[in-house]
Structure formats: structure tokens, C-alpha cells
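Peer 1: model the structure of this input:
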Amino acid sequence: MMQPAKKKFYTPTEALQKILAFCVYQERNFKETESKLRDYGLTEDEAGEIMIRLSREGFLDEERYAQTFVRGHVRKKWGRRRITQELKQKGLTDYCIKVGLKEIDGDEYYQNLVDLLEKKDRQEKERHPGKRRQKIQLYLTAKGYEQDLIKMALEDLGKEPGQDEE
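Peer 2: Numbering: from 1, shown residues only. Below is the predicted model of the structure:
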């Protein structure tokens with residue numbers, strides 16, 4: 001029977017070196033960095049001192065983290081609501097979330113929504129137009145898109161490119 005791996009505890013100096021590598025590898029937020037430091041066996045005070053140092057030296061920046069997170073998840077075609085929810089779960093402030101959401105390009109965002117809508121429309125097996133629309137709408141809502149944009153995109157779906165209402 002295998003024994004669970006013993007946790008290795010680090011001195012504050014060793015922990016600082018490890019956490020620097022952790023932060024340099026990719027953007028991190030305060031919550032996950034502090035959690036990692038606590039896993040290293042540091043006291044709250046030791047972890048706090050290292051966090052302050054990382055922040056002062058620019059290794060930790062919540063606004064930058066939010067911006068990077070938003071850019072990455074817009075590429076994954078996530079909607080604003082889902083991105084906001086995830087950032088709140090990660091312990092970011094409303095201010096940092098707002099700063100991050102400014103990274104969203106409106107045209108790219110709407111095009112992502114349209115791309116998802118068209119893909120789901122091609123895959124959807126439901127034949128009844130009302131139920132079909134409802135299923136697609138539910139899918140896009142789960143992706144985090146706003147209802148007004150979803151309705152607009154669904155209305156645009158039925159039109160040919162360049163065709164306007166008369």
C-alpha cells in the first residue's frame with residue numbers, strides 16, 4: 001500500500017525562491033500565491049511578508065492578472081458574465097475585474113458569440129424552431145454571454161450577410 005507523499009516544508013528563503021519561479025512561469029493572483037506559500041509550511045506572517053515583497057517587486061499584480069485572464073478566456077470564447085464569475089471566485093476585487101474586462105474588444109467579442117451560435121446551430125439536432133432556439137440560447141447563456149447580445153445574434157442568424165430589414 002502506498003503512503004501519501006510527505007509535504008515538504010520550506011524556510012522563508014527557500015519558499016521565496018520557489019514562489020518566484022511560480023510567479024514568473026505565469027500570472028498569478030494573491031489568493032493562489034498565498035495558498036501555495038501556506039502549503040510550503042509558512043506562517044501567516046511569513047507568507048504575508050513574501051506576498052508584500054512579490055507585489056512591491058512587480059511579480060504579483062492583480063490588475064495585470066485580470067487583464068491576462070480576460071484576454072485568454074475571450075480567446076476561448078467565454079462571455080463577460082462567466083469571466084466575471086471566475087475572477088470573483090479567484091478573489092479579485094470588483095475594481096480589478098473592471099480593469100480586466102476593458103481588455104475585451106467589442107467586435108471580437110460579438111464575432112465570438114456569432115461563431116459559437118453558428119457552430120451550435122449546425123450541431124443542434126432539434127427540429128422544432130422554438131425548442132431549437134431555446135437550446136441554443138441556453139448554451140450561449142452557459143458560456144457567459146449576455147441575453148441582449150444573444151437575442152441580437154439570433155436575429156442576425158436568419159439574415160444573409162449584407163441583408164438588412166426593410
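Peer 1: helices of the chain, residue ranges please.
Peer 2: With DSSP state H, the ranges of helices along the chain come out as 12-25, 30-39, 44-56, 62-75, 80-89, 94-101, 106-123, 129-142, 147-157.
Peer 1: so what does the second one touch, helix or strand wise?
Peer 2: Contacts defined by 3 or more CB pairs under 8 Å, 6 or more residues apart in numbering; DSSP states H and E place helix 30-39 against helix 12-25, helix 44-56. To be clear about C-beta, it is placed using only N, CA and C from the backbone, and glycine gets the same treatment.
Peer 1: got it, and the last one?
Peer 2: In terms of contact count using 3+ CB pairs under 8 Å, 6+ apart, helix 147-157 is assigned the packing partners helix 106-123, helix 129-142.
Peer 1: what's the burial count for residue 152?
Peer 2: Residue 152 sits with 14 neighbouring residues when counted by other CB atoms under 10 Å.
Peer 1: quick one: residues in contact with stretch 23-35.
Peer 2: With CB atoms under 8 Å, 6 or more residues apart in numbering as the test, stretch 23-35 has contacts from 19, 22, 47, 51, 54-55, 59-62, 64-65, 68-69, 90-92.
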